[in-house]
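Trainee: A structural model of the following input is requested.
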Amino acid sequence: MKKLLIILHDLGAGGAEKMMTRLAGALVDAGNDVTLLMLTGGGVNAAHLDPRVKKVELHSPRSVRAVPALARFLRRNRFDAQLAALTHVNVVAIAAAALSGTLARLHVSERNAFSHDKHVNPAFMVRIAYLLAPLLYRLIPNPVICVSRGVALDLVETTIARHQDVTTADNPVLDNDFREKTPARPSHQWLREKSGPVVVAVGRLAPQKGFDTLIRAFAALPDSRVRLIIFGEGALKSRLVDLACTLGVADRVDLPGYTTDPLAEVAAADCFVLSSRFEGSPNALVEALSTGTPVVATRCPHGPQDILIGGLVAPLVDVDDPPALAQAIALQLATPRHFQRHLRLQAAARFMNAKAVQSYLDALLGSPSP
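Mentor: Residues are numbered from 1 along each chain as shown. Model prediction:
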């Protein structure tokens, strides 16, 4: 049994938080002693954390101020491997590991396209973290674990990181028995009582997700019976609602907020759309594939092309191209639902817990640090 530590900011609603929550439980299933440490604490994903995972909250008011407390924790508790996630947390973890003498056991992970993600959060300390991170990634003894080959390549091509400074491990998105599970009943009325086709999207209401492009594409669909539901929270909600009003489709577009069971909603939909401008490895796309529901995705950096095997599994369209996106959605809605369903399930199977956990264990423990 190995003693493993996962370091996060908190367990909020983001994809990285959700995946680290799943990874912690899957690592326990694989026979390890796992602790999940939050620099601050709380978040909606705390409710989904496996009770066998030990939870530690430092309650720091800001991530950067958690360095001394994290260093003390690492000094008192010796782990076989330590894994940090998200760039600003990585920088904090590197500082704390250096102070505690545990840098040889620290691994950090990048969850998104670094060259795009560094522009998202304007906070001063986050900007500083993105400036420092590539230099630190060259200096630490273990390679950065990236969620996809595209994320790894982006880090190498756009920063001073080298090929030997990166490695990859897939996200643990799905339970090992996902094929045998029956989805729960959806909560949204449009999916419970259908009067026509329903298109669904899931994600933060932020520029990265391209939901403005999706609404424009939806407005161009020829079938006026089609409805669109975008599940998620974020600062752009009012703008997206206004856009739907401007385009005359407000009565057929709903933004109901966060959903606790996206699989149930997507499984009942007629098409799932990923309209992102950039990603790391889009978990929502994998979850959608696992339900068998037809999908459409943008050819954004990075992830969709790899997951959908260059368009073999499902259509890929250019980023910010509403007419092309509308055409792809219309084609999926006109195609029998069972067409290529086996390909969608097969593509999703790569991201089962058991496979993902092994790739993480190989990265964390496969080549022990000195």
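Trainee: buried sites along the helix or strand hosting residue 245?
Mentor: Here residue 245, judged by DSSP states H and E, is contained in helix 237-246. Counting neighbours by 16 or more other C-beta atoms under 10 Å, one finds that the buried residues in helix 237-246 are 240-241, 243-244. Where you see a C-beta, it was placed from the backbone N, CA and C, and this is true even at glycine.
Trainee: ok now stretch 53-60, how far from the chain's centre?
Mentor: From the chain centre to the centre of stretch 53-60 is a distance of 22 Å (C-alpha atoms, centre = their mean, to the nearest Å).
Trainee: err, stretch 317-336, not the other one
Mentor: 23 Å.
Trainee: before we move on, what about stretch 110-118?
Mentor: 12 Å.
Trainee: now do the strands in the chain.
Mentor: Assigned by DSSP state E, the chain shows strands spanning 3-8, 33-38, 54-57, 81-85, 106-110, 144-146, 166-168, 198-202, 227-231, 253-257, 271-274, 295-298, 316-317.
Trainee: list the contacts of the fifth one.
Mentor: If I follow you right, that is strand 106-110. The contact list for strand 106-110 (C-beta atoms under 8 Å, 6 or more residues apart in numbering) reads 81-87, 90, 93-94, 97, 137, 140, 142-147, 151-152, 155, 169, 280, 363-364.
Trainee: quick one: low-confidence ranges for this structure?
Mentor: Within the chain, the ranges that satisfy pLDDT under 70 run 367-370.
Trainee: domain parsing for it?
Mentor: Following automatic domain parsing, the chain resolves into domains at 3-172+352-366, 178-349.
Trainee: correct me, but residue 9 touches residue 38?
Mentor: Yes. Applying C-beta atoms under 8 Å as the test, residue 9 and residue 38 come out as touching, 6.7 Å apart.
Trainee: for residue 125, give me its contacts.
Mentor: Contact criterion C-beta under 8 Å, 6+ apart gives 62-64, 88 as the residues in contact with residue 125.
Trainee: check contacts around the closest residue to residue 2 other than its chain neighbours.
Mentor: The shortest distance from residue 2 to any residue that is not its chain neighbour, by C-beta to C-beta, 6 or more residues apart in numbering, is 4.4 Å, and that residue is residue 80. Listed by C-beta under 8 Å, 6+ apart, the contact partners of residue 80 are 2-4, 105, 365.
Trainee: of those residues, which is the nearest to residue 218?
Mentor: The shortest separation between residue 218 and any of the contacts of residue 80 is 43.6 Å, and it belongs to residue 4 (by C-beta to C-beta).
Trainee: look up how far residue 149 lies from the closest one.
Mentor: Distance, residue 4 to residue 149, using C-beta to C-beta, to the nearest Å: 24 Å.
Trainee: the two: which is more packed in?
Mentor: In this view residue 4 and residue 149 are compared by other C-beta atoms under 10 Å, and residue 4 has more residues nearby, 26 against 15.
Trainee: so that one sits right up against residue 28, yeah?
Mentor: No. Counting by C-beta under 8 Å, residue 28 is not a contact partner of residue 4; they are 9.2 Å apart.
Trainee: now list whatever residues contact both of the two.
Mentor: When contacts are counted by C-beta under 8 Å, 6+ apart, the set common to residue 4 and residue 28 consists of residue 34.
Trainee: give me the beta-bridge partners of the nearest residue to residue 6 once chain neighbours are set aside?
Mentor: The shortest distance from residue 6 to any residue that is not its chain neighbour, by C-beta to C-beta, 6+ apart, is 4.7 Å, and that residue is residue 36. Beta-bridge pairing of residue 36, defined through DSSP bridges, involves residue 6, residue 55.
Trainee: which residues does residue 36 contact?
Mentor: Contact partners of residue 36, counting by C-beta under 8 Å, 6+ apart, are 5-6, 8, 11, 20-21, 24, 49, 53-56.
Trainee: quick one: it and residue 233, what's the gap?
Mentor: Using C-beta to C-beta, one gets 23 Å for the distance from residue 36 to residue 233.
Trainee: and residue 194, how far is that from residue 146?
Mentor: With C-beta to C-beta as the criterion, residue 194 and residue 146 are 40 Å apart.
Trainee: residue 139 too?
Mentor: As judged by C-beta to C-beta, residue 139 and residue 146 stand 18 Å apart.
Trainee: the two: which has the busier surroundings?
Mentor: When neighbours are counted by other C-beta under 10 Å, residue 146 comes out ahead of the other of residue 139 and residue 146, with 27 against 10.
Trainee: wait, what's in contact with that one?
Mentor: Residue 146 makes contact with 109-110, 152, 155, 166-169, 280, according to C-beta under 8 Å, 6+ apart.
Trainee: count the neighbours of residue 30 for me.
Mentor: By the criterion of other C-beta under 10 Å, residue 30 has 17 neighbours.
Trainee: which non-adjacent residue is nearest it?
Mentor: Counting by C-beta to C-beta, 6+ apart, the nearest residue to residue 30 once its immediate chain neighbours are dropped is residue 357, at 5.1 Å.
Trainee: redo the contacts of residue 146 as JSON lines? Include neighbour count and distance to residue 296.
Mentor: As requested, these are arranged in JSON lines below (neighbours: other C-beta atoms under 10 Å; distance: C-beta to C-beta, whole Å):
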{"residue": "109", "neighbour count": "27", "distance to residue 296": "28"}
{"residue": "110", "neighbour count": "26", "distance to residue 296": "26"}
{"residue": "152", "neighbour count": "23", "distance to residue 296": "26"}
{"residue": "155", "neighbour count": "24", "distance to residue 296": "28"}
{"residue": "166", "neighbour count": "20", "distance to residue 296": "30"}
{"residue": "167", "neighbour count": "19", "distance to residue 296": "31"}
{"residue": "168", "neighbour count": "19", "distance to residue 296": "25"}
{"residue": "169", "neighbour count": "24", "distance to residue 296": "27"}
{"residue": "280", "neighbour count": "26", "distance to residue 296": "19"}
